[in-house]
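Asks: Have a look at this prediction, sequence included:
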Amino acid sequence: MTQDVESKKRLPLRRGRFVVPEDPNAEPYLIGGKCQNCGKFFAPPRTVCLNCGKQMIEITALSSKGKVYSYTIVWQQLPGALVKVPYSIAIVSMPEGCQIHAVVTENYDKLRVDQEVEVYFEKIMEDNEGNDLIVDKFRIAK
Amino acid sequence: MGTLEAWKNMREVCVIGVGLHKFGRFPDKNLGALGREAILAALEDAGVEPKDIEAAFGGRVFNNNTTAYQLVGEVFQSGILIDNVEKACATASTAVRLATWAVGAGLYDICLCVGAEKMERGLVGGVSPGMESRASYSQLMGLGIMPGDYALRARRHMHLYGSTREMFAQVAVKSHKNGALNPYAQYQTPLTLEEVLNARMIADPLTLYQCSPTTDGAAAAVICAKEVAGRFHGKPVTISGWASGTPSYSPAGVGGDVQEGFIERLAKEAYERASIGPEDVAVCQVHDAFSAGEVFAVEELGFCKPGEGGQFIWDGKADIGGEKPTNTDGGLESRGHPQGATGIAQIAEIVYQLRGEAGPRQISGNPKVGLTHNVGIGGCNIFVFST
């Protein structure tokens, strides 16, 4: 079903990992949860801090760059996944002290441990109403 | 450690019988048939009759609803407690631990444990057709794959310690060599290092033969108080120690089943309960869901220093003829991995080894101490056995 360009929206494929601003010119950004009591970060955010046990976690924007803790190139297709092999999974250590499991498709075979990588966002599909569904991926930092 | 004192005060518990249904693919047999065969074999091995069983624990991983009740019901229906148990790939060892606690506490003298599974081919955890709206981000993005965490920790291991793909592949060579000696194993064909390395890549560096297969199978065990074991003909093997737990919070690390340090912590507890050290373990069955798992296990169980697991296995130290025979029955990779049954299959092999009944897989030297290490999403169970 087609839509007017004005009413077509960008939406996250799933909520909770990153924010897609309403303003179509604004970049999406990753979110983490920062414990206001002890300062630990969790990505994605959570309600109860695993470090100190308090429920004082505030949603906050996360850095857009991190370092590769490890990676693997995947060749076996997970049934039903939208990302097709080959691609890489990377564990990215963020400056905030938390880690993210990330998909890397761009130069997926050029990853190295300790490499700097950056997040970017792209459309992966449309929903039934023609909205763009957005996902996060990482690539080697430019 | 409060539970250490409590364990010392419990009465001695032993495994008196074990039984397996061959691991493989059995499209013409339902779960009940697999479980029934394993239970009957375990009762026969123990010399115990259904009327002697006072409680039962069991389960499967997929569609685990009333499994233990159904499986026990294939053989008898005597009105006993039957608890259904699940801890992903550590389901069967969880059943054994619960029986061990119940018997050790004096609540029951003799318990039956059973694990079984029937599985579809292919990667576990995908999105079924029509279920896309319920799929998680992890599933839709291909992040949640079983070999993933093992492959991620393997790459980290290569980076930190210089482990090579050949070392990880050697685990699979050893496991298939041992599996060829095990009539219950799913795969009984030896493989060369080249065959393992050149097989289809699943998640780098893990190739197809370094990944445990999907499998149908069942395993059962009879657990009893040592003081009543003399009534039955089964040769008892004492459960001298155990430890169970989950990975604790850490801001860094691969996480999940392969969270760094998780197994090491539990191994120390198990050794303390059994009053032994890693040097005393004569034979062990560890959780090689993927070949790298065995490399991590021999380190975290204390058989070699951190980072040296690849070299340890490469040098043949984990071979049947080596100083620390590991996965003598072929491990998850070759014996197969019916997820709900694996934990008891590991225990069965240790029982055979300590009884001297492992045939062509028997390690020399009259082994007196064995160990099993069974990991699932949701925790790990380690057991120490002794005669």
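Replies: Good, I have the coordinates.
Asks: which stretches of chain A form strands?
Replies: A:10-12, A:18-19, A:29-35, A:41-42, A:57-61, A:65-74, A:87-93, A:99-104, A:116-126, A:132-140 (DSSP state E).
Asks: which residues of the stretch 151-300 of chain B fall in strands?
Replies: In the stretch 151-300 of chain B, strands defined by DSSP state E, counting those that start in this stretch lie at B:201-203, B:206-207, B:216-225, B:237-245, B:283-285, listed in chain order.
Asks: Need the winner for burial among the ones you listed.
Replies: The highest average neighbour count among the strands of the stretch 151-300 of chain B, using mean count of other Cβ atoms under 10 Å in any protein chain shown, belongs to strand B:216-225 at a mean of 30. For the C-beta atoms, the positions are set from N, CA and C on the backbone; glycine is no exception.
Asks: Skipping its backbone neighbours, what lies nearest the residue of chain A found nearest chain B in space?
Replies: Here chain A gets closest to chain B at one residue, residue A:80, 2.6 Å apart by Cβ to the nearest Cβ. Spatial nearest neighbour of residue A:80, chain neighbours left out: residue B:127 (2.6 Å); criterion: Cβ to Cβ, 6 or more residues apart in numbering or on different chains.
Asks: what does the model give that neighbour for pLDDT?
Replies: Looking at residue B:127, its pLDDT reads 90.
Asks: cool, residue A:5 as well?
Replies: For residue A:5, pLDDT reads 59.
Asks: ditto for the one 4 residues further on
Replies: In this prediction, residue A:9 carries a pLDDT score of 92.
Asks: For it, which residues are in contact?
Replies: Going by Cβ atoms under 8 Å, 6 or more residues apart in numbering or on different chains, residue A:9 touches A:131-132.
Asks: List phi and psi for it.
Replies: In terms of degrees, to the nearest 10, the main-chain angles of residue A:9 are phi -110, psi 160.
Asks: related to what we said a few turns ago, any chance of the strands of the stretch 151-300 of chain B in JSON lines, plus distance to chain A?
Replies: What follows is the strands of the stretch 151-300 of chain B, written out as JSON lines (distance: least, Cβ to the nearest Cβ, whole Å):
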{"stretch": "strand B:201-203", "distance to chain A": "4"}
{"stretch": "strand B:206-207", "distance to chain A": "8"}
{"stretch": "strand B:216-225", "distance to chain A": "20"}
{"stretch": "strand B:237-245", "distance to chain A": "16"}
{"stretch": "strand B:283-285", "distance to chain A": "26"}
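Asks: Need the ones you listed in a markdown table (columns: mean pLDDT and distance to residue B:172).
Replies: As requested, the strands of the stretch 151-300 of chain B are arranged in a markdown table below (pLDDT from 0 to 100; distance: least, Cβ to Cβ, whole Å):
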| stretch | mean pLDDT | distance to residue B:172 |
| --- | --- | --- |
| strand B:201-203 | 98 | 12 |
| strand B:206-207 | 98 | 8 |
| strand B:216-225 | 98 | 19 |
| strand B:237-245 | 98 | 27 |
| strand B:283-285 | 98 | 16 |
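Asks: For chain A, which residues score under the pLDDT cut-off?
Replies: Counting by pLDDT under 70, chain A shows low-confidence ranges at A:1-6.
Asks: try the stretch 151-300 of chain B
Replies: For the stretch 151-300 of chain B, no range has pLDDT under 70.
Asks: quick one: contacts for residue B:199?
Replies: Contacts for residue B:199 (Cβ under 8 Å, 6+ apart) come out as B:207-210.
Asks: one more time with 10 Å
Replies: Neighbour list for residue B:199: B:169, B:172, B:191, B:206-211 [criterion: Cβ atoms under 10 Å, 6 or more residues apart in numbering or on different chains].
Asks: Most neighbours of all these, which one?
Replies: In terms of neighbours by other Cβ atoms under 10 Å in any protein chain shown, the contacts of residue B:199 top out with residue B:210 at 32 neighbours.
Asks: follow-up on the earlier one: quick one: which two of the contacts of residue B:199 are the most distant?
Replies: B:191 and B:206 (14.4 Å; Cβ to Cβ).
Asks: now residue B:347, nearest residue through space, not along the chain?
Replies: residue B:372 (5.5 Å).
Asks: The one you found contacts residue B:96, correct?
Replies: Yes - between residue B:372 and residue B:96 there is a contact at 9.0 Å, judged by Cβ atoms under 10 Å.
Asks: between these two, what contacts are shared?
Replies: With contacts taken as Cβ under 10 Å, 6+ apart, residue B:372 and residue B:96 have B:242, B:343-344, B:346-347, B:381, B:383 as neighbours in common.
Asks: With only the CA atoms kept, save stretch A:74-92 in CSV.
Replies: Extracted in CSV, the C-alpha atoms of stretch A:74-92 (Å, rounded to 0.1, in the frame of the first residue of the first chain):
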residue,chain,number,x,y,z
VAL,A,74,28.7,-16.2,10.1
TRP,A,75,28.1,-18.6,7.1
GLN,A,76,25.2,-20.6,8.3
GLN,A,77,21.8,-18.9,7.8
LEU,A,78,19.6,-18.6,10.8
PRO,A,79,16.1,-19.5,9.6
GLY,A,80,13.9,-16.4,9.3
ALA,A,81,16.7,-13.9,9.9
LEU,A,82,16.5,-10.8,7.7
VAL,A,83,20.3,-10.5,7.6
LYS,A,84,21.7,-13.0,5.1
VAL,A,85,25.0,-14.8,5.2
PRO,A,86,27.8,-14.0,5.1
TYR,A,87,27.9,-11.3,7.7
SER,A,88,29.8,-10.8,11.0
ILE,A,89,28.7,-10.6,14.6
ALA,A,90,30.9,-8.3,16.7
ILE,A,91,31.0,-7.7,20.4
VAL,A,92,31.7,-4.0,20.6
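Asks: buried ones in that stretch?
Replies: A:74-78, A:80-83, A:85, A:87-92 (16 or more other Cβ atoms under 10 Å in any protein chain shown).
Asks: which bits of the stretch 51-200 of chain B sit near chain A?
Replies: By Cβ under 10 Å from any Cβ of the partner chain, the residues of the stretch 51-200 of chain B that approach chain A are B:120, B:122-132, B:135-160, B:200.
Asks: And the residue of chain B that's closest to chain A?
Replies: Proximity of chain B to chain A (Cβ to the nearest Cβ) peaks at residue B:127, 2.6 Å away.
Asks: now stretch A:10-27, how far from the centre of its chain.
Replies: 11 Å (Cα atoms, centre = their mean, to the nearest Å).
Asks: Show the end-to-end separation of it, please.
Replies: One end of stretch A:10-27 sits 11 Å from the other (Cα to Cα, to the nearest Å).
Asks: who touches residue B:142 in this structure?
Replies: Neighbouring residues of residue B:142 by Cβ under 10 Å, 6+ apart: A:74, A:76-85, A:87, A:89, A:103, A:105, B:123, B:126, B:148.
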